[in-house]
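Undergrad: take this sequence and fold it.
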Amino acid sequence: MDETLREQVALFRYGVISELVARTLAPGEKEKLLTEIAGKEWTIPGSGRTHVGRSTARDWVGLGSPRSPSAAPSTGEGTHVSPSFTLGPPLHVRGRDP
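TA: Predicted coordinates:
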């Protein structure tokens with residue numbers, strides 16, 4: 001994957017999840033936004049796909065599965081820290097080195 005496409009994918013992913021990471025969300029708002037993301041049709045750079053799944057959006061934000069212990073890592077002191085922000089693993093074109 002060339003650098004231009006890599007940047008387009010990163011910008012696309014951030015555009016999809018920006019509302020999830022830009023501010024503190026009210027209770028239930030995160031799940032509502034994930035449902036909206038999954039229900040939209042998207043033009044995804046470098047892909048013929050047109051939809052982003054809830055679990056994919058959760059992964060891009062770093063939330064993991066809603067039942068996963070990694071969804072809310074504990075500091076061991078009764079408080080929780082926010083998961084780190086990630087855009088996911090780099091994409092690779094078959095037969096080419098990254």
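Undergrad: in the biggest helix by length in the chain, what counts as buried?
TA: In the chain, ranked by residue count with DSSP state H as the criterion, the top helix is helix 3-21. By neighbour count on 16 or more other C-beta atoms under 10 Å, the buried set for helix 3-21 is 9, 12-13, 16-17, 20. Heads up, the C-betas are built off the backbone N, CA and C, glycines and all.
Undergrad: low pLDDT regions in the chain?
TA: 65-98 (pLDDT under 70).
Undergrad: mind running it again at 50?
TA: Across the chain, the ranges flagged by pLDDT under 50 are 68-86, 92.
Undergrad: all helices for it, in order.
TA: Using DSSP H, the helices found in the chain span residues 3-21, 29-39, 54-61.
Undergrad: which neighbouring elements make contact with the longest one?
TA: Contacts of helix 3-21 with other secondary structure elements, assessed using 3 or more C-beta pairs under 8 Å, 6 or more residues apart in numbering; DSSP states H and E, are made with helix 29-39, helix 54-61.
Undergrad: pull out the buried positions in the shortest one.
TA: Judged by neighbour count (16+ other C-beta under 10 Å), helix 54-61 contains these buried residues: 56-61.
Undergrad: from the residues you listed, which two are the most distant?
TA: Thr56 and Val61 (10.0 Å; C-beta to C-beta).
Undergrad: what's the nearest residue to Leu25 if we skip its chain neighbours?
TA: Closest residue in space to Leu25, ignoring its immediate chain neighbours: Leu33 at 7.3 Å, by C-beta to C-beta, 6 or more residues apart in numbering.
Undergrad: residues near that neighbour, how many?
TA: Neighbour count of Leu33, defined by other C-beta atoms under 10 Å: 17.
Undergrad: and what of the one 3 residues further on?
TA: For Glu36, the tally of surrounding residues (other C-beta under 10 Å) stands at 11.
Undergrad: roughly how far apart are it and Leu20?
TA: Distance from Glu36 to Leu20, counting by C-beta to C-beta, to the nearest Å: 10 Å.
Undergrad: first-to-last residue distance for stretch 14-32?
TA: End-to-end distance for stretch 14-32, by C-alpha to C-alpha, to the nearest Å: 18 Å.
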